[in-house]
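Asker: quick one, structure for this:
(chains A and B)
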Amino acid sequence: MSHSNRKTFNFHGGLHLDEHKSISTSRPIETAPIPPLLILPLLQHIGNPAIPCVKVGENVLKNQCIANADGPVSTTLHASSSGTVTAIEKRSIPHPSNLDVMCIVIETDGRDTSIEQSHASTEEYLSLSRHDIQQRIKEAGIVGLGGAGFPSHIKLNANKHLVETLIINAAECEPYISCDDMLIREHAESIINGLRIMQHALNAKHCMIGIEDNKVEAHAALQAAINGSDDIELVRVPTRYPAGGERQLIYNLTGKQAPSQGRPLDIGIVCHNAGTAAAVDDAITRGIPLTSRVVTLTGSGIPQPRNMHVRIGTPIQYLLDHCHSPKEDIANILIGGPMMGFKLNSADAPVTKTCNCILATLQRDAIKPSTPMPCIRCGDCVEVCPVNLLPQQLYWHAHAQDFDAIQDYNLFDCIECGCCDVVCPSRIPLVQYFRFSKTTIWQQERDKEKSNKARQRHELRLERLEQEKREKRERHNRKKAALKKKPEQSDDPKKAAILAAMKRVQDKKLASNTNPANTDNLTPEQQAKVDEADRRRKEQNADTKPS
Amino acid sequence: MIINTPQVASSASVSRLMLHVGYALVPGTLAYIWLFGAGVLIQILLACLTAVITEAVVLILRKRPVLKTLADGSALLTAVLLALSIPTIAPWWIIVLGTFFAILFGKQIFGGIGYNPFNPAMLGYVMLLISFPLEMTRWPSAISLLEQMPTLQTSFDVIFNSGLGIDTISGATPLDTIKTQLRAGADIPATLINSDFSTLFGSFAGVGWEMVSLGFLFGGLYLLMTRRIAWQIPVAMLGSLVVLSSVFYLIDSSQYISPLLHLFGGASMLGAFFIATDPVSAATTPRGRIYYGIGIGVFCFVIRTWGNYPEGLAFAVLLMNMAAPTIDHYTRPRVFGQSKG
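Answerer: Model (predicted):
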């Protein structure tokens, strides 16, 4: 086993937060029961929504593909239990935007009958080509389970890049969330297996697993599963939020900074979440697509906080009821952790592939919103920003809606971790300002593109109209000239004679100036050939003409 | 729009920050009272009263929440800092006028806390110094130098009866004495051993003043250790002051005062930890704060050494306030993942 006490690199800023993790790690992961209704959103990832391949009224089996990926940046969706498709319609899903998206609704039959393994499951992943592995992972509907939900097969496509290091992110730095921790404790082998498969797919030289030093049991489990392999380095990183941010973890482990507008792949690194590794193992060695995930149910609103294997599509209210959460006393439900999570609008929304934590808070424990005061430029936000931004300056420009200046201050490097919000003595919702600025800028860019296109269309139309006008005028002028000429000729024979003479002179001049065409002085043989060619061309035109 | 902010309890608040800055002023203020008499207490009281009334009236006129804004404590802090900066035996209308000016023209006219480009207390101070040079340069003498202990009554009389009996308790400050003597042609070593002044210079930087400075240093260290002020500004300011004064002191100790006197003989400690660190008017980037601090130290030294005024802190702070936005613009940190240069 490798050097677990190797040097780590500390990223700038960050916060020590109360963990609140142990409340949900005292019991093993349970399996949630089959809900009567499954709601499976077609868009649970970054990219294009999947395209349904089942119809309303159709019976489906567990693990059956019910929607296909639409293009490369998209992924497949599977039924997470057997039953009947009752609707394909817009439903509310857990998403910060609170928009409804198209979902496939399945009424379960409780039998949980699975399809025959369509994937030829194999232990011998080494014999699979890289492309095969990517394809299977795409068909298994795997997305990054850490939260962002980027389709995993894309991140396993190194293309022409040389992958130096594959990193498994087991840091899990947000308070309350413990799903990765528990998954590692109970399924460390599966994660290492998944890691091996991904290593093969990427042809990565060497692997690292970064885990926060507060996860002692999980660390031990991984150490046992690695079992002395010397190409996997298990590294404890200091517990400090946001150590689990992809770029922060990469820096922590390697001392390398992924370029701000690029990808980690640009520096030869690929990073996947621990849960994703386990899902990859399921897909490749057991042929099971991603139809369930571990979800942490925690917070003061859950009497016995715990982790559960939950079928994707299970309504959140169903899980809360299952855990005896007192519906009336709940102040708010967060999806994700308290730092980056978002408030759930409706508990009817389902668990999606990216939903790692359901944090329910009782009325009495809810954090009361405080009215923001003016910024006093104390710079505490600068101290904690893990990306080295100047949040106080960003805020100044966001407040003034000066979107050029705010981009100049690198708004788009903000990872929205929320550290600046927590330390701000004026209680300014900084990240909210930054998110608003980002979406406004995106919207402006879309509008600009739209108006550019519209302008181009408009200009083309104007040009066309102008051309038509010009042609009309020319025709008109020609006609007018022709009309004019006639009366002139008949009007005054003297004038006409002069004009004719002038024309002759001009014609002569022109003739003497222009070179003879190459068809002017031809021998009879040549002329015959030309005529022959003309005839053939005419025939051909007659043949190809549609009518 | 849904507001998604971190749901994490936080104790950070502006009023707490101001409160702790207030605590940190206690040791220096106590030393001040102990060594120079209770006049400073009367000044602080007058200043606070003026500040609260001025701010309240302006807030009412601007139709802004009054109590909530006053509760941030920034107006009170401005008042206390101004009261600590002026001579404690100045007549009452000096501090009232100064505080009124500081709150109205230093702060509220720009939109209140967070929007003022200048340090309000220093703006008030400089206005007073330029307008009322006589009242602003008559400093109290340390009690130990007086023939009889001044009572609170004496201070009261001096402040409210336009300097009646002021001669019994006033005296020159160490920095002032050296400046006057240098102008008169006496070099510094001669001044220091001159029997007229020898008691004035205390054990290392002026009797009384050195202890008050130590008190402010002590409070400042508390703020530094609890990370309530940025370390860059005081370190850079005192550092540049020490370096510059040491160089000149080593070149010619008969014409240039010692670094020790620079640090503890004037307002350096109060300035470095409590005035220059006012975040609103200071530079805000980490590197920018170093330049900002250095600038104040340099200007402070230059004005003390070659200027007309014996103390240059207020001018130094205001000059650097003007430079702060420019400094911020050119000292942005390199963002994570962006290439160097």
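
Asker: could you list the low-pLDDT ranges of the chain?
Answerer: Reading this off chain A. Applying pLDDT under 70 to chain A flags residues A:1-5, A:117-123, A:486-491, A:513-521, A:542-547.

Asker: could you do chain B instead?
Answerer: Counting by pLDDT under 70, the ranges of chain B that qualify are B:1-3, B:147-149, B:162-165, B:195, B:198, B:340-341.

Asker: again, 50 this time
Answerer: B:1, B:341 (pLDDT under 50).

Asker: from it, which residue is nearest to chain A?
Answerer: Nearest residue of chain B to chain A (CB to the nearest CB) works out as B:G114 at 3.2 Å. Where you see a C-beta, it was placed from the backbone N, CA and C, and this is true even at glycine.

Asker: how about that residue: what's its closest non-neighbour residue?
Answerer: Leaving aside its sequence neighbours, B:G114 sits nearest to A:P374 (CB to CB, 6 or more residues apart in numbering or on different chains; 3.2 Å).

Asker: one more: A:K205?
Answerer: Leaving aside its sequence neighbours, A:K205 sits nearest to A:E164 (CB to CB, 6+ apart; 5.7 Å).

Asker: domain assignment for chain A?
Answerer: Per automatic domain parsing, the structural domains of chain A span A:22-31+A:130-335, A:377-481.

Asker: can you check chain B too?
Answerer: B:14-171, B:173-330.

Asker: list the contacts for the residue of the stretch 101-250 of chain A at minimum distance from chain B?
Answerer: Of all residues in the stretch 101-250 of chain A, A:R247 sits closest to chain B, at 6.4 Å by CB to the nearest CB. Applying CB atoms under 8 Å, 6 or more residues apart in numbering or on different chains to A:R247 gives the contacts A:257-258, A:264, A:387, A:415, B:336-337.

Asker: assign a three-state SS to it, would you?
Answerer: Look at A:R247: counting by DSSP: H, G, I helix; E, B strand; the rest coil, its state is helix.

Asker: how near is it to A:L145?
Answerer: A:R247 sits 18 Å away from A:L145, going by CB to CB, to the nearest Å.

Asker: what's the helix or strand for residue 295?
Answerer: Because you didn't say which chain, this covers chain A. Applying DSSP states H and E as the criterion places A:V295 in strand A:292-298.

Asker: wrong one, I was asking about chain B
Answerer: helix B:286-306.

Asker: which elements pack onto that helix?
Answerer: Other elements packing on helix B:286-306 under the criterion 3 or more CB pairs under 8 Å, 6 or more residues apart in numbering or on different chains; DSSP states H and E are helix B:232-251, helix B:313-330.

Asker: a markdown table for those, including mean neighbour count?
Answerer: Converted to a markdown table, the helices and strands packed on helix B:286-306 look like this (neighbours: other CB atoms under 10 Å in any protein chain shown):
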| stretch | mean neighbour count |
| --- | --- |
| helix B:232-251 | 20 |
| helix B:313-330 | 19 |
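
Asker: of all the ones you listed, which one is nearest A:K485?
Answerer: Nearest of these to A:K485, taken as CB to CB: helix B:313-330 at 74.4 Å.

Asker: now residue 141, what are its backbone angles?
Answerer: Since you didn't name a chain, this refers to chain A. Main-chain torsions, A:G141, degrees, to the nearest 10: phi 70, psi 30.

Asker: sorry, I should have been clearer: chain B.
Answerer: In terms of degrees, to the nearest 10, the main-chain angles of B:S141 are phi -90, psi 150.

Asker: contacts only, for it.
Answerer: Taking CB under 8 Å, 6+ apart, one finds B:36, B:169-171 in contact with B:S141.

Asker: including neighbour count, could the residues you listed go into CSV?
Answerer: Shown next, in CSV, are these (neighbours: other CB under 10 Å):
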residue, neighbour count
B:F36, 26
B:I169, 24
B:S170, 18
B:G171, 17
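
Asker: helices - which of the residues you listed land there?
Answerer: Cross-referencing the contacts of B:S141 against helices under DSSP state H gives B:F36.

Asker: ok, the residue nearest to B:G114 - contacts?
Answerer: Contact analysis of A:P374 by CB under 8 Å, 6+ apart lists A:426, B:111-115.

Asker: tally of neighbours for the residue lying closest to B:L241 once chain neighbours are set aside?
Answerer: Leaving aside its chain neighbours, B:L241 sits nearest to B:G297 (4.1 Å; criterion: CB to CB, 6+ apart). Neighbour count for B:G297, taken as other CB atoms under 10 Å in any protein chain shown: 31.

Asker: and if you look at the one 10 residues further on?
Answerer: Neighbouring residues of B:G307 were enumerated by other CB under 10 Å; the total is 15.

Asker: how near is the residue lying closest to it once chain neighbours are set aside to B:N119?
Answerer: Nearest residue to B:G307, sequence neighbours excluded (CB to CB, 6+ apart): B:F315, at 7.9 Å. Separation of B:F315 from B:N119 (CB to CB) stands at 11 Å.

Asker: for the stretch 1-150 of chain B, just list every one of the helices.
Answerer: For the stretch 1-150 of chain B, applying DSSP state H, counting those that start in this stretch gives helices covering B:14-36, B:39-61, B:66-70, B:74-85, B:92-106, B:120-131, B:133-136.

Asker: so which of those is the most surrounded?
Answerer: Per residue and on average, the most neighbours among the helices of the stretch 1-150 of chain B fall to helix B:74-85, with a mean of 26 (mean count of other CB atoms under 10 Å in any protein chain shown).

Asker: CA atoms only: put that helix into CSV for me.
Answerer: Extracted C-alpha coordinates of helix B:74-85, given in CSV (Å, rounded to 0.1, in the frame of the first residue of the first chain):
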residue,chain,number,x,y,z
SER,B,74,-19.6,52.6,12.9
ALA,B,75,-20.7,56.2,13.8
LEU,B,76,-19.7,55.6,17.4
LEU,B,77,-16.3,54.2,16.4
THR,B,78,-15.7,57.3,14.2
ALA,B,79,-16.6,59.5,17.1
VAL,B,80,-14.2,57.7,19.5
LEU,B,81,-11.3,57.7,17.1
LEU,B,82,-11.7,61.4,16.5
ALA,B,83,-12.0,62.1,20.2
LEU,B,84,-8.7,60.2,20.7
SER,B,85,-7.0,62.1,17.9
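
Asker: what's near enough to touch the residue nearest to the spatial centre of chain B?
Answerer: Centroid check for chain B by CA atoms, centre = their mean gives B:G271 as the closest residue, at 4.1 Å. By CB under 8 Å, 6+ apart, the contact set of B:G271 is B:237, B:296, B:300, B:313, B:316-317.

Asker: before we move on, what about B:M122?
Answerer: B:M122 sits in contact with B:85, B:275, B:313-314, B:317-318, B:321, where contact means CB under 8 Å, 6+ apart.
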